[in-house]
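# next comes the sequence, and after it the predicted model I'd like to discuss.
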Amino acid sequence: MSDEFVFGWHAVEAVLKREPERLQRVWIQTGRQDRRVKTVTVALDELGVSWQLVHRRELDERVAGVHQGVVAQVGKSQEWSEADLLALLDGADKPPFLLVLDGVTDPHNLGACLRTADAVGVQAVIVPKDKSASLTPTARKVACGAAETVPLVRVTNLARTLRELQERGVWLIGTAGEADSSLYQADFRGPVALVMGAEGKGMRRLTREHCDLLINIPMLGHVDSLNVSVATGVCLYEALRQRQG
């Protein structure tokens, strides 16, 4: 049995809908008798997946985080490789729209970025294998199901992957506080990858050097930076505005 857990109703329902074969066992907090619980338990019965009503204390012991009264034990999901990413791009019927997270180590931020990426139609999120948050139960919970819909691609050499994206005509737009161009001056309408740096430190030097354009987010108040997941949301929705227009 796997020791990987998914918790929170959105995350568990996303696995149930998209990857039901991963479900091994589900625990639900006793006392809940609403329609959501009924729908999920009926679906679990149809799949032949074992589920059990338990005291909240048992759920608290299984996971660290706000589980909302449901925890699922699941088989490990298959992460995408660089080859999978390139195959996706080669077979795409619309211009690539990608997100690159260079060194984002907080699972809350990874989950939030995945959730926004799903909302705006990003086709894949790319992260380096080293010094990057993994899809922990917390990341999946924060993603509210997006971890099961948006491919997370872990690459051994991020700089090489960025070069391969450029060879396929993908424009790399990176964020940097000292950049001369504003977010609102950038053109996101074609094949594009938004490159976001780590919490606090920003992009690594080599990643920055591979960007075709560096942009900043206008800051008019006293703070000089935004949380990486907030900054990602601001940039992705500007990109969506342009791409829909």
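Now that the structure is in, tell me what you want to look at.
# and for Asn216, the neighbour number?
Neighbourhood size, Asn216 [other C-beta atoms under 10 Å]: 15. Quick note: C-beta positions are derived from backbone N, CA and C, even for glycine.
# pretty sure it sits against Thr175.
Yes - the pair Asn216 and Thr175 qualifies as a contact (C-beta atoms under 8 Å) at a distance of 7.0 Å.
# now the common contact residues for the two.
Leu183 (C-beta atoms under 8 Å, 6 or more residues apart in numbering).
# can you tell me the distance between the two ends of stretch 95-103?
End-to-end distance for stretch 95-103, by C-alpha to C-alpha, to the nearest Å: 26 Å.
# can you check stretch 177-186 too?
15 Å.
# can you mark which positions in the lengthiest helix in the chain are buried?
Longest helix of the chain, by residue count under DSSP state H: helix 228-244. By 16 or more other C-beta atoms under 10 Å, the buried positions in helix 228-244 come out as Val228, Ser229, Ala231, Thr232, Gly233, Cys235, Leu236, Glu238, Ala239, Leu240, Arg243.
# so which elements touch that helix?
strand 97-101, helix 107-120, strand 192-196 (3 or more C-beta pairs under 8 Å, 6 or more residues apart in numbering; DSSP states H and E).
# which of these sits closest to His67?
The closest of these to His67 is helix 107-120. By C-beta to C-beta, the value is 14.4 Å.
# just to check, Ile126 is in contact with Val150?
No - contact between Ile126 and Val150 fails when scored by C-beta under 8 Å: they sit 10.9 Å apart.
# for the helices and strands packed on helix 228-244, which one sits closest to Trp51?
Across those, Trp51 has its closest neighbour in helix 107-120 (24.4 Å, C-beta to C-beta).
# ok, then the element right after that closest one?
strand 124-128 (DSSP states H and E).
# list the strands paired with that next one, with their directions.
Applying DSSP bridges to the sheet, strand 124-128 is found paired with strand 97-101 (parallel), strand 152-155 (parallel).
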